[in-house]
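Peer 1: take a look and give me a structure for this.
(one chain, ligands or ions: 1)
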Amino acid sequence: MAARILLLGLVAVSFTVGLASDPSSLQDFCVADKTSSVLVNGLACKDPNLVQANDFFFSGLHIVGNTSNPFGSKVTPVTVTQLAGLNTLGISIARIDYQPWGINPPHTHPRASEILTVLEGNLEVGFVTSNPENRLITKVLQKGDVFVFPIGLIHYQRNVGSTNVVAIAALSSQNPGVITIGNAVFGSKPEIGSDILVKAFQVDKNVVDYIKSKF
Ligand SMILES: *[C@@H]1O[C@H](CO)[C@@H](O)[C@H](O)[C@H]1NC(C)=O
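Peer 2: Just a heads-up that it's a prediction; the model follows:
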């Protein structure tokens with residue numbers, strides 16, 4: 001009986017872990033075949049005999065991102081889109097550049113936790129826990145510091161120094177996805193009705209329409 005309960009517990013734990021990241025591999029690799037029209041959860045595999053070293057390779061994270069935009073930051077992603085060998089491996093990486101006081105606006109990754117390390121500069125990071133607490137957990141990071149954003153939670157970063165910040169983020173999905181809150185809520189196509197946003201945010205319609213005009 002006790003063994004059976006333990007077994008059930010283990011099944012429950014492994015089920016939860018299984019849902020928290022990309023599925024595990026059933027073979028050494030599955031380099032994405034971007035020419036395939038076969039639809040699977042992920043991308044179809046290239047013939048392993050045709051795979052080359054360059055299928056597992058990306059060059060470019062030494063390049064400084066262009067932060068001349070309203071947010072003052074630039075994400076350079078390396079997901080399965082840029083690196084076909086990541087297909088089915090459950091990981092990806094990104095370089096993020098921030099100009100002084102630049103932000104990476106509040107967003108969430110629907111399919112990944114993110115572990116971020118600061119290579120240069122001082123970076124404020126934060127994430128908000130789910131309802132009903134919506135507690136903000138925030139910290140200022142310095143060079144060499146590491147911080148984790150748990151899967152699905154809304155998070156942001158802000159350069160709080162007078163020098164540029166460079167950070168590297170690793171993510172637990174080949175295709176983490178990004179939902180930027182402002183763009184998704186106020187800039188969807190077609191739009192979410194202003195009457196809905198008026199009630200949701202408890203503001204006047206002209207406020208909603210003004211924010212919508214920014215996206
Ligand atoms: C950076 O981006 C801005 C805005 O898109 C553009 O005007 C500028 O030429 C870019 N700078 C470089 C060095 O590419």
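Peer 1: which residues are in contact with stretch 111-122?
Peer 2: Stretch 111-122 is touched from outside by 20-22, 92, 96, 98, 125, 140-151, 155, 157, 159-161, 163-173, 175-177, with contacts defined as CB atoms under 8 Å, 6 or more residues apart in numbering. No exception for glycine: its C-beta is placed from N, CA and C like everyone else's.
Peer 1: what's the weakest-modelled helix or strand in the protein?
Peer 2: helix 2-19 (a mean of 46; mean pLDDT, DSSP states H and E).
Peer 1: so residue 22, which of the three states?
Peer 2: Taken by DSSP: H, G, I helix; E, B strand; the rest coil, the conformation at residue 22 corresponds to coil.
Peer 1: what's the neighbour count on it?
Peer 2: Counted by other CB atoms under 10 Å, the residues lying close to residue 22 total 23.
Peer 1: residue contacts, it?
Peer 2: Residue 22 is in contact with 42, 88, 89, 90, 111, 172, 173, 174, counting by CB under 8 Å, 6+ apart.
Peer 1: of all those residues, which comes closest to residue 207?
Peer 2: residue 111 (32.7 Å; CB to CB).
Peer 1: and that closest one, what pLDDT?
Peer 2: In the predicted model, residue 111 carries a pLDDT score of 96.
Peer 1: wasn't it part of a helix?
Peer 2: No. Looking at residue 111 with three-state DSSP, it is coil, so not inside a helix.
Peer 1: for it, give me phi and psi.
Peer 2: Main-chain dihedrals, residue 111, degrees, to the nearest 10: phi -120, psi 10.
Peer 1: residue contacts, the residue nearest to it when sequence neighbours are not counted?
Peer 2: Spatial nearest neighbour of residue 111, excluding adjacent residues (CB to CB, 6 or more residues apart in numbering): residue 173 at 4.2 Å. Contact analysis of residue 173 by CB under 8 Å, 6+ apart lists 21, 22, 79, 90, 91, 92, 109, 111, 112.
Peer 1: all strands of the protein, in order?
Peer 2: In the chain, the strands defined using DSSP state E lie at 73-78, 92-98, 103-108, 114-120, 123-128, 136-141, 146-149, 154-159, 165-171, 179-180.
Peer 1: quick one: mean pLDDT for the shortest one?
Peer 2: Okay, so that is strand 179-180. 98.
Peer 1: could you check how far it is from the centre of its chain?
Peer 2: 9 Å (CA atoms, centre = their mean, to the nearest Å).
Peer 1: just checking, what packs against that strand?
Peer 2: Applying 3 or more CB pairs under 8 Å, 6 or more residues apart in numbering; DSSP states H and E, one finds that strand 179-180 contacts strand 103-108.
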